[in-house]
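> Model the structure of this input:
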Amino acid sequence: MTSSADEAQRLRDLARLRRVRDRIDREYAQPLDVEALARGANMSAGHLSREFKRAYGESPYSYLMTRRIERAMMLLRRGDLSVTEVCFAVGCQSLGTFSTRFTELVGVPPSTYRARSAATAPEMPSCITKQVTRPIRKREAPAGEAQLA
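The predicted structure follows:
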């Protein structure tokens, strides 16, 4: 049985987790790590990671990388920045890690995505493009399908 004290603590934890998620959404381009996020939420890193994954279905780091890749997709669709410039603009420190993660989530390398998007960008309003091209984890993607074909 759950006591009222346990329930109150769970609700406080959920409120802190929402603040962590909001901070990631706001500060995705800043250097963020789980320890810093946990300190800001007055939680241990392990507790934050477990509870965040339980509440949102992915770890804080995965959520952060997904936000960075979403922003990168938008910048690449614009076409005025190189892949390297986009990598650093979204807060990634390594072009190799950025390219690998981008390819895992989107299904194509950033340079390919940029080239394909440049050809299709004028056909679709940006609000629709963002919705349609939202990155999904490779394990969640249908086998054999790329995000942008």
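
> Could you pull up the contacting residues of the closest residue to Asp13 other than its chain neighbours?
Nearest residue to Asp13 in three dimensions, chain neighbours excluded: Glu51, at 5.6 Å (Cβ to Cβ, 6 or more residues apart in numbering). C-beta: built from backbone N, CA, C; applies to glycine. Counting by Cβ atoms under 8 Å, 6 or more residues apart in numbering, Glu51 touches 13, 17, 43.

> Return the backbone torsion pair for Glu51.
phi -70, psi -40 (degrees, to the nearest 10).

> Also Tyr113?
The phi and psi torsions at Tyr113 (degrees, to the nearest 10) take the values phi -60, psi -40.

> Neighbours of it, how many?
23 (other Cβ atoms under 10 Å).

> How about Cys87?
Neighbours of Cys87 (other Cβ under 10 Å): 23.

> same deal with Arg114?
Residues contacting Arg114 under the criterion other Cβ under 10 Å number 21.

> Looks like it contacts Arg78 (just checking).
No - between Arg114 and Arg78 there is no contact under Cβ atoms under 8 Å: 9.3 Å.
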